[in-house]
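> model the following, please.
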Amino acid sequence: MIKLRILFILIGIHIFTYHVQGLPVQDSNVKIKPEIRLGEEEENAQLQEAGGFAAYDLIYQRMEWQLDPGIRYIKGKITSYVKSLVLDLEYVEFDLDSTMTIDSIKHQENYLTFVREGDKFFIQLPGRLAVGEIDSVVVYYQGEPASTGFGSFTQSWHGEERTPVMWTLSEPYGAMEWWPCKQSLTDKIDSIDVIVTTPELYRTAGNGVLVSETVSDSLRTMHWKHRHPIATYLVAIASTNYVDYSEYVELDDGRQIEILNFVYPESLEEVKEQTPVTVDLIKFFNEKFGEYPFSDEKYGHAQFGWGGGMEHQTMSFMGSFDFELIAHELAHQWFGDYITLASWKDIWLNEGFATYLTGLAVEELKGEEEFSRWKRRNLNIIKQQPDGSVFVKDTMHIPTLFSSRLSYSKGAYLLHMLRWVIGDDAFFKAVRNYFEDPEIANGFARHDQLVTHFEAAGDTSLGEFFNDWYYGEGYPIYSIGFISEGTEVEIQLTQRSTHTGVNFYEMPVPVRLYAPQRSDSADIRLYHMQNNQSFIIDPGFYVAEIVFDPENRLVASVDEVVHTPVIEDENEVKVYPNPFRNYITVAVSGGRTVDEMMLYDASGNKLEWFNGSRLDFNWSHLPRGMYFLRVHLSNIIYEKKVMKH
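Here you go, the predicted model:
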């Protein structure tokens, strides 16, 4: 930051008497994150040199905005309280799009010097802050925000009268386009107040609890208070001629969770029929994962002019109100809002979780048949293309970051496969422990922190699993061959990958064995650890049919399932015993001579050549697995699959 410091000297620095402002009296219940344990002076110096973001903790912001939904423009006053994390904090850094105008910056009643560099600005503090000291700055700004990504600051219209609605959606990088902020995945704002003034016709939805709603001189001011840490991209407002209604979740101890719905007047009756399921969803998620993390404030929906939804903390913005969208955005309050991804590379920690919790809600509230449809639909999405990883390599490419195929569907199925691999009890224990982990509570989580919980709950190592399914690309395509004799069946399992990046997926593979006419069945887990692997199973009945993955537990496909019965008809080639262990006999009826016979392995490689009328072989040297015999007899070629134990 040498260049920056020189610039401050050149333009002159106004020196003010240093005084640490306390938090406003009405904000005495602001929740501040625990003190961060600091290292030696060298580490503090590195933090200071790394820039303003690393050097301070943003503990409170008061956002005061003026806007008219009919005019795409915003004017604001943002008060920020910062706590120093270094020995001598000289300046603080914020993000704001370069197209927005900063009118002034104040400390108490005095103007502060600031420098703008692109989409950042740096505020010279009136005095140096020691470690743990708190001070505040006030930024006055205005402008017509840019609108990139999903529509950071957007104006649209609704209803027959074309009433304007103004709404924000800052994920992933859009907050800086409409307000001065610390756009970061390392520091949540511990607490916020949002105060929005609009023409009287309009009402504004926001995070937290509605403290007041007043009308004066044809202007309406709404004040929202949120006393939980919040990631910058989850701060949001939406303004139009909203009407509202509430529903309530009754908790066992007598408390209630309010579900506050802000909707368009013309949609009120229709939406009222759709949102009551939110009560059942909150109860289900509470039971499965832990109590709704913002139960002391509210949950809510605000209708807005976008095709999907956005999980703004305590008030999701909704383009529609179907079951799965309600469940998805609600699930984010646990996984995405309360626990937020620490890097956009790990977006599956947000979207994979919300998508899978939606599937769990379908399973719980709509039943197995609907859950089966949910699984098939997501598998079809995943397998539209053969490549792509859940881990995001290029976080600046928004379509990849928010890939419905990878971040959402395959991320969800990664969790569904983990549930299969480690079992239901361990899976749900791991997710609950992850949610209750004090190291990430109200904060940010890394991929490896989640993996640690799954490995601990499952008492296993999952490195290979995540290498294949999280970092790796593609999915396996299986082939199954089986030979039945009595109640014993030998199954050979092979796989090929749709992507060269993963040679082999080590997975427990589910198959269902059926007796003739499906008079009996057995579900079997085949631990597939190498290709062309054979398994000998005795289910207690003759196996006439095998179905691969009947409940869609895996991201996988099957090429073929081939049943090779033991030959009983003396009018053709007979191979016995089949399956065999060491010795096998090949014979034909009437003592006819075999013109030629070749043995191939499962990959099609020719191993041996023979001829004769009766052939007995010692194949003890061959590894276990599936083989193919091609027998030339007169003008007929017989091809038989044989299995070695």
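> what about the host helix or strand of Leu414, average pLDDT?
With elements taken from DSSP states H and E, the one containing Leu414 is helix 411-422. Per-residue pLDDT over helix 411-422 has a mean of 98.
> helices and strands around it, which ones?
Helices and strands touching helix 411-422, as assessed by 3 or more CB pairs under 8 Å, 6 or more residues apart in numbering; DSSP states H and E, comprise helix 348-366, helix 368-382, helix 424-435, helix 447-458, helix 463-466, strand 507-514. The way it works is simple: take the backbone N, C-alpha and C, and place the C-beta from them, glycine included.
> list the buried residues in the last one.
What it means is strand 507-514. Buried residues in strand 507-514, counting neighbours by 16 or more other CB atoms under 10 Å, are found at Met507, Val509, Pro510, Val511, Arg512, Leu513, Tyr514.
> kindly report the same for stretch 126-135.
So, applying 16+ other CB under 10 Å, buried residues of stretch 126-135: Pro126, Gly127, Leu129, Ile134, Asp135.
> that older thread, so for Glu266, which of the helices and strands packed on helix 411-422 sits nearest?
Using CB to CB as the criterion, the shortest distance between Glu266 and the helices and strands packed on helix 411-422 is 27.5 Å, found for helix 348-366.
> quick check: angle from the closest one to helix 368-382?
What separates the directions of helix 348-366 and helix 368-382 is an angle of 150 degrees, with axes from the mean of the first three to the mean of the last three CA atoms, to 10 degrees.
> and the angle from helix 348-366 to helix 424-435?
Going by the same axes, to 10 degrees, helix 348-366 is angled at 130 degrees with respect to helix 424-435.
> kindly format the C-alpha coordinates of helix 348-366 as CSV.
Coordinates of each C-alpha in helix 348-366 appear next as CSV, following Å, rounded to 0.1, in the frame of the first residue of the first chain:
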residue,chain,number,x,y,z
TRP,A,348,-22.2,-26.6,-3.4
LEU,A,349,-22.1,-25.9,0.3
ASN,A,350,-24.9,-23.5,-0.4
GLU,A,351,-26.7,-24.8,-3.5
GLY,A,352,-26.1,-28.5,-3.2
PHE,A,353,-27.4,-28.5,0.4
ALA,A,354,-30.5,-26.4,-0.4
THR,A,355,-31.3,-28.6,-3.4
TYR,A,356,-30.9,-31.8,-1.4
LEU,A,357,-32.9,-30.6,1.5
THR,A,358,-35.6,-29.8,-1.0
GLY,A,359,-35.4,-33.5,-2.0
LEU,A,360,-35.6,-34.6,1.7
ALA,A,361,-38.6,-32.4,2.1
VAL,A,362,-40.3,-34.0,-0.9
GLU,A,363,-39.4,-37.4,0.6
GLU,A,364,-40.9,-36.5,4.0
LEU,A,365,-43.9,-34.5,3.0
LYS,A,366,-44.9,-35.8,-0.4
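> helices and strands around it, which ones?
In this structure, helix 348-366 packs against helix 277-289, helix 323-332, strand 340-341, helix 368-382, helix 411-422, helix 447-458, with contacts taken as 3+ CB pairs under 8 Å, 6+ apart.
> and these as CSV, adding distance to Thr79 and mean neighbour count?
Output for those, formatted as CSV (distance: least, CB to CB, whole Å; neighbours: other CB atoms under 10 Å):
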stretch, distance to Thr79, mean neighbour count
helix 277-289, 33, 18
helix 323-332, 28, 22
strand 340-341, 23, 22
helix 368-382, 45, 16
helix 411-422, 38, 22
helix 447-458, 33, 18
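> out of those, flag the one nearest Gly352.
For those, the distance to Gly352 is smallest for helix 411-422, at 2.3 Å, taking CB to CB.
> that older thread, distance to Glu639 added to the helices and strands packed on helix 411-422, as TSV?
TSV is the format used below for the helices and strands packed on helix 411-422 (distance: least, CB to CB, whole Å):
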stretch	distance to Glu639
helix 348-366	43
helix 368-382	33
helix 424-435	43
helix 447-458	43
helix 463-466	36
strand 507-514	24
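> with His416 as the reference, name the closest of these.
Between His416 and these, the shortest separation by CB to CB is 6.2 Å, and it involves helix 348-366.
> and the closest one, average pLDDT?
Computed over helix 348-366, the mean pLDDT rounds to 98.
> can you give the distance of it from its chain's centre?
Its chain's C-alpha centre and that of helix 348-366 lie 10 Å apart, by CA atoms, centre = their mean, to the nearest Å.
> buried set for it?
Of the residues in helix 348-366, those scored as buried under the neighbour-count criterion (16+ other CB under 10 Å) are 348-365.
> residue ranges for the helices of the stretch 101-250 of the chain, please.
Counting by DSSP state H, counting those that start in this stretch, the stretch 101-250 of the chain yields no residue ranges for helices.
> tell me where the model's unsure across it.
Within the stretch 101-250 of the chain, the ranges that satisfy pLDDT under 70 run 149.
> 90 - rerun?
Judged against pLDDT under 90, the low-scoring parts of the stretch 101-250 of the chain cover residues 146-151.
> can you map out the strands along it?
According to DSSP state E, counting those that start in this stretch, the stretch 101-250 of the chain carries its strands in the segments 101-107, 110-111, 114-117, 120-129, 134-143, 153-158, 163-168, 192-199, 203-206, 209-216, 219-226, 237-240, 243-250.
> mind checking which of those strands is nearest Pro539?
Between Pro539 and those, the tightest spacing by CB to CB is seen for strand 243-250, at 46.3 Å.
> may I see the buried residues of that closest one?
Residues of strand 243-250 classed as buried: Glu247, Val249 (neighbour count, 16+ other CB under 10 Å).
> by contact count, what packs against that strand?
strand 256-263, helix 268-274, helix 277-289.
> only the C-alpha atoms, please, for the last one, written as CSV.
Output in CSV follows, covering the C-alpha atoms of helix 277-289 (Å, rounded to 0.1, in the frame of the first residue of the first chain):
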residue,chain,number,x,y,z
VAL,A,277,-46.6,-25.5,3.7
THR,A,278,-43.7,-23.3,5.0
VAL,A,279,-44.9,-24.1,8.5
ASP,A,280,-44.5,-27.9,7.9
LEU,A,281,-41.1,-27.3,6.2
ILE,A,282,-39.7,-25.3,9.1
LYS,A,283,-40.9,-28.0,11.6
PHE,A,284,-39.2,-30.7,9.5
PHE,A,285,-35.9,-28.9,9.1
ASN,A,286,-36.0,-28.0,12.8
GLU,A,287,-36.3,-31.6,13.7
LYS,A,288,-33.8,-32.9,11.2
PHE,A,289,-31.0,-30.3,11.5
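> next helix or strand past it?
In the C-terminal direction from helix 277-289 (assignment by DSSP H and E), the next one is strand 299-303.
> sweet, I'm off.
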